[in-house]
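Peer 1: give me a 3D structure for the following:
(chains A and B)
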Amino acid sequence: MSWAVPPAPGIQPVPYYSQQMNTAYTPVTIRSGFGQAYQPSQQYSYSAPANPPQPSSTMSPPDQQQQQKFDWPQSVRNYVQRTFQASNEIHGVGREEKEARLKEIIRSEQERGTMFSTNWDEMPLPQQLIQKERHQALLAAVGPTHAQAKSPSFAAVSKKRKSSDLSESEQTNNSTVPWRSTKALSIEDRISKPANDKRVLMDGPLTGKSKFQKNVEKRQRRGDGGYQSSYRSPSPSPPSGPIVGLNENLEKRYLRLTAAPKPEDVRPEYILHQTLDLLKRKWRKENNYNYICDQFKSLRQDLTVQHVRNEFTVSVYEIHARIALEKGDLGEYNQCQTQLRALYRAGIKGNPIEFKAYRILYFIHTANRTALNDAIADLTTAEKEETPVKHALNVRSALALGNYHKFFQLYLDVPNMGAYLMDMFIKRERLAALANMCKAFKPELKLRYVTEELAFESDAEAAQFIIDYNQELLEERDDYIAFLTGKAGQIFENARAQAFSRVDLKGQI
Amino acid sequence: MNMATYCDLNPDLLSLEVSMKGRSFSACQPRRQFEVASSAVPVSAMDSLIRQFRAAYAGTNGEQLAETLSPDTEVHAARLQAIWGRGDARSMTSDLNFLFHQDQARHSIRLSKEETSGWIAIYTAYWKAIGEILAAEGLRNDTQSSWAKVYIAWKEVTLLTVRGYTNHDFENWTIPCLYVTGKYLRLFAMRADAERGLSSDDMAVDDLKDDFDPQAEEHKSLEDCARHLNRIFQVCASDRAPLEESRKWGVYYAVNLLFKTYFKLNSEPLSKNILKAISAGRADIPPIDKFPKSQQVTFKYYEGVLAFLEENYVEASTLPGYQDAQRNLELILTYLIPCRLLTTHTLPSSRLLEPFPRLQKLFIPLSRAIRKSDLKAFDIALRDGEDEFIKRRVYLTLERGRDIVLRNLLRKVFIAGGFEEPKEGAAPVRRTRIPLTEFTAAVQLSSGEAIDPDEVECLMANMIYKNLMKGYIAHERGIVVLSKSGAFPGTKV
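Peer 2: Numbers count the residues shown, from 1 in each chain, chains lettered A, B, ... in the order given. This next block holds a predicted model:
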């Protein structure tokens, strides 16, 4: 197995961390494998913000998707199951009709490549769609475009839409997202809601309605003489399933939730795909971490409240983790890492090898032995042989045995972005190594030896490091600089003890 | 993986406690009494239960009393089914009311009004919980249940029992009732968590959180359980009554339950908080050697393992040496052997390991490699046992045994160097200036791989730094100068 990125959504072609940064560490080769992820991702039909929510199938027919043998998501299986459940039977809709429609729905989702991102739990059942269409056909006899023209949420979208998309979308509007259309729903409710269909009302469309829609319905109910009130409390009961977002803004400030989120504040997954693309572009262009972090947090929040846990979720956490790593924001990094561990364990694809290696390095940094033990316990034998993991494990064992020689050699060649993590504890390990050297080597060492053993970039850097602690430990000789180990006494030992006592644990769970 | 780790790590010391209890009150006796009662007169099962309750009360026998609250379907299946009866809540309530209010006068036990209402509430909740348990075990024909429901029902029993002490004047001899409720609360919580783990679709996410909380999801019931066990601990520890009437005698049982729970939850910090709370109140709590041996052993075991995980090996070496159950001893040795290896550089004798085939498999290859100062054999032994060592959480400790192998190896080099030209009349002196190349050769030979001389120097520096070897390295001259007296401390060389 390679740790290189599978066809999951990666970051865009130019890695954002390739910018020259003024860091103290030796440049490392980063991301040789990650590069594969940067091919402009074709999976996401929603690459531009102006795209319609339901792009036409001609726009994005990712061929490989169709050819791939499909591993059906559990949600789809459940959906199919529900379709044929006796309790969901609708009088007058035959089995063949239902089957044909079911196939059509699944095929269209597959073609669009939204099989995994569609919220199947909220998707109306084929029989409901058929029923609805019949009503609309009935209605069409009176006023053909009536239902669509009054659809509020679609009116908003269509402004952004390109004219070329319009013809196609009319049809999809009705067939896949009827619950967005207040008019259609209310008509259905009033005319022919079968009594045994309460469940659908409760679980499905209701939870996704905007305040406006609810008000409309409330008004209608009053007119109906409380016809629906037997199963709808006036204040909407807490949704039984995850909410479905209706917010179509790409950007959103992060706010800590203090009450259950409202659908109109939450962005649905297809919008979040666009958001991620936007954030990646912005990060490359502006490199404004405060903005990016804030946006990623709101993105994560929207995914969480909608219970979206798929490969897209993984890619969001992976990208945020990498950005946080680069910026040394360990708190955020650790949050992402914790999520990623759970997501990988749930069997969702991503870059587990890369992140399992980071995890080991991270716990080396925080000196968390218990967690380190767990992190190792998480590894399979095969994973232990993968380069990044093997590297991290070697770093760990070198440190455990005080083998600074090996440790600094490993520091010079770190896979992926591990160097950012190693930078966090390199100073402390240099102090430890110096404390060690000062006790063992007498009476002195050449500075060059220290430079090489402790992987300083230059003698000057090594000299500065030592001088920062004591100016009298270096001595100019004819052809070299001597490091007077015999005179160092407890200087580095004390500095080491202090450095280890102060492991920054922010964000630590 | 975590869960597995902790399952194995958690010793079943509980069984020990059960056997201790058996000794003190003869487990079968009250049950026989119960059976006789039920066969002699055709009375309701609730009646026999309350008879047992009265007998326990009359004799102030806490264990016997606790027995009346046992939900163990393996031992008491028939009894529990009899108590549940037809599941008729009304007749159960009237039974209890009759038994506690009217019928009581005929018996010699005196219960205050508060106590009576406390017990009625507990038995009512107990009865309901039994219904859920029987259903979850598939012992009821009319319905099924889940462990999550059992947990909730049993939590009610636990809460009411705790309330018995805070609100209903329960006396301290009854605290075994707290033990039995707490013990089963933990077991039911784990079953509820396991059950939820199987049906992973059911994701009850806290919508106010920004991220999923996988840990909380995995152990949702157990975390809840920990809070209630902590409550039991507080109720015991905070009792200000004179010692002979105090619930403080329940402290260590509660603490041990908490340790088990926290270890499973992977939360050492919480365990440490408990230790702190205990040592803070140590003046008030009776000395630990006054508690039942089983509680002492369990407590000391966890205390020792906590110290071990903190790398506090000296403290961890006080792991209990109580030799009762073979399995407990094995668990204790699992930690004690690595401790001794690092603190005193001692290895287990083959006689010590003889009764423990598992420990032999784990430690003998390592011990042998250390004795023979064979780096390669040590590396192989460590790698072979890696999975098991990690599971037992001793890997990171044992790994450092490599230092001892290396020390032994360098010592051999030193001894092989022989003595300096003897001076007239003086005692022979070992050769103390040894070329680094000799050590490099030894390390290469022993580890079976080529090694960079700089790395050997680094390893030597470590030996000196860790006080395993006395001397210094003269880097420019390429020699190691060892101390004339005691170059390898503690090894007579």
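Peer 1: buried residues in the lengthiest helix in chain A?
Peer 2: Using DSSP state H to define each element, chain A has its longest helix at helix A:418-440. Buried positions in helix A:418-440, judged by neighbour count with 16 or more other C-beta atoms under 10 Å in any protein chain shown: A:418-426, A:428-440. Quick note: C-beta positions are derived from backbone N, CA and C, even for glycine.
Peer 1: next, count neighbours for B:Arg368.
Peer 2: Counted by other C-beta atoms under 10 Å in any protein chain shown, the residues lying close to B:Arg368 total 14.
Peer 1: kindly apply the preceding question to B:Glu195 instead.
Peer 2: Neighbours of B:Glu195 under the rule other C-beta under 10 Å: 17.
Peer 1: which residue is the nearest non-sequential neighbour of it?
Peer 2: Distances taken as C-beta to C-beta, 6 or more residues apart in numbering or on different chains put B:Trp147 closest to B:Glu195, at 4.6 Å, once the chain neighbours are dropped.
Peer 1: interface residues of the stretch 201-350 of chain A facing chain B?
Peer 2: A:242-243, A:256-261, A:297, A:300-301, A:304-305, A:307, A:309, A:335, A:338-339, A:341-342, A:345-346 (C-beta under 8 Å from any C-beta of the partner chain).
Peer 1: can you do 7 Å?
Peer 2: Contact residues (C-beta under 7 Å from any C-beta of the partner chain) of the stretch 201-350 of chain A with chain B: A:257, A:260-261, A:297, A:300-301, A:304-305, A:307, A:335, A:339, A:342.
Peer 1: list the buried residues of stretch A:473-484.
Peer 2: A:473-474, A:481-484.
Peer 1: wait, I meant stretch B:242-259
Peer 2: Residues B:246-259 are the ones in stretch B:242-259 that count as buried (16+ other C-beta under 10 Å).
Peer 1: ditto for stretch B:266-282
Peer 2: Neighbour-count burial for stretch B:266-282 flags B:266-268, B:270-271, B:274-275, B:277-278 (criterion: 16+ other C-beta under 10 Å).
Peer 1: same for chain A: which of those residues are within range?
Peer 2: Okay, of those touching chain A (C-beta under 7 Å from any C-beta), that's B:Glu268.
Peer 1: of the buried residues of stretch A:473-484, which is the nearest to A:Met123?
Peer 2: Distance ranking of the buried residues of stretch A:473-484 against A:Met123, using C-beta to C-beta, places A:Phe483 first at 70.5 Å.
Peer 1: if I read this right, that closest one contacts A:Leu445, doesn't it?
Peer 2: Yes. At 4.8 Å, A:Phe483 and A:Leu445 qualify as touching, with contact defined as C-beta atoms under 7 Å.
Peer 1: could I get the CA-only coordinates of stretch B:246-262 as CSV?
Peer 2: Extracted C-alpha coordinates of stretch B:246-262, given in CSV (Å, rounded to 0.1, in the frame of the first residue of the first chain):
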residue,chain,number,x,y,z
SER,B,246,-18.6,6.0,59.0
ARG,B,247,-19.1,5.2,55.3
LYS,B,248,-15.4,5.9,54.9
TRP,B,249,-15.0,2.1,55.0
GLY,B,250,-16.4,2.1,51.6
VAL,B,251,-13.8,4.4,50.2
TYR,B,252,-11.4,1.9,48.8
TYR,B,253,-14.0,-0.2,47.2
ALA,B,254,-15.4,2.8,45.4
VAL,B,255,-11.9,4.0,44.4
ASN,B,256,-11.0,0.6,43.0
LEU,B,257,-14.2,0.7,40.9
LEU,B,258,-13.2,4.1,39.7
PHE,B,259,-9.7,3.0,38.8
LYS,B,260,-11.1,0.2,36.7
THR,B,261,-13.4,2.6,35.0
TYR,B,262,-10.8,5.3,34.4
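Peer 1: for chain B, what's the nearest residue on the stretch 151-300 of chain A?
Peer 2: Proximity of the stretch 151-300 of chain A to chain B (C-beta to the nearest C-beta) peaks at A:Leu257, 4.5 Å away.
Peer 1: that residue and A:Tyr317, how far apart?
Peer 2: The spacing between A:Leu257 and A:Tyr317, counted by C-beta to C-beta, to the nearest Å, is 19 Å.
Peer 1: can you map out the strands along the stretch 201-350 of chain B?
Peer 2: Counting by DSSP state E, counting those that start in this stretch, the stretch 201-350 of chain B has no strands to list.
Peer 1: wait, B:Thr116 sits on B:Phe100?
Peer 2: Yes. Counting by C-beta under 7 Å, B:Phe100 is a contact partner of B:Thr116 at 5.2 Å.
Peer 1: which of these two has more neighbours?
Peer 2: Set side by side, B:Thr116 and B:Phe100 show more neighbours around B:Phe100, with 19 against 16, by other C-beta under 10 Å.
Peer 1: what sits against the more buried one?
Peer 2: Applying C-beta atoms under 7 Å, 6 or more residues apart in numbering or on different chains, we find B:Phe100 in contact with B:116, B:119-120.
Peer 1: tell me the one of those residues nearest chain A?
Peer 2: B:Ile120 (35.2 Å).
Peer 1: need phi/psi at the closest one.
Peer 2: Torsion angles at B:Ile120 (phi, psi; degrees, to the nearest 10) stand at phi -60, psi -40.
Peer 1: quick one: residues contacting it.
Peer 2: Contacts of B:Ile120 (C-beta under 7 Å, 6+ apart): B:96, B:100.
Peer 1: confirm A:Leu361 sits in a helix?
Peer 2: Yes. Applying DSSP: H, G, I helix; E, B strand; the rest coil, one finds A:Leu361 inside a helix.
Peer 1: near it, how many other residues are there?
Peer 2: Neighbour count of A:Leu361, defined by other C-beta under 10 Å: 24.
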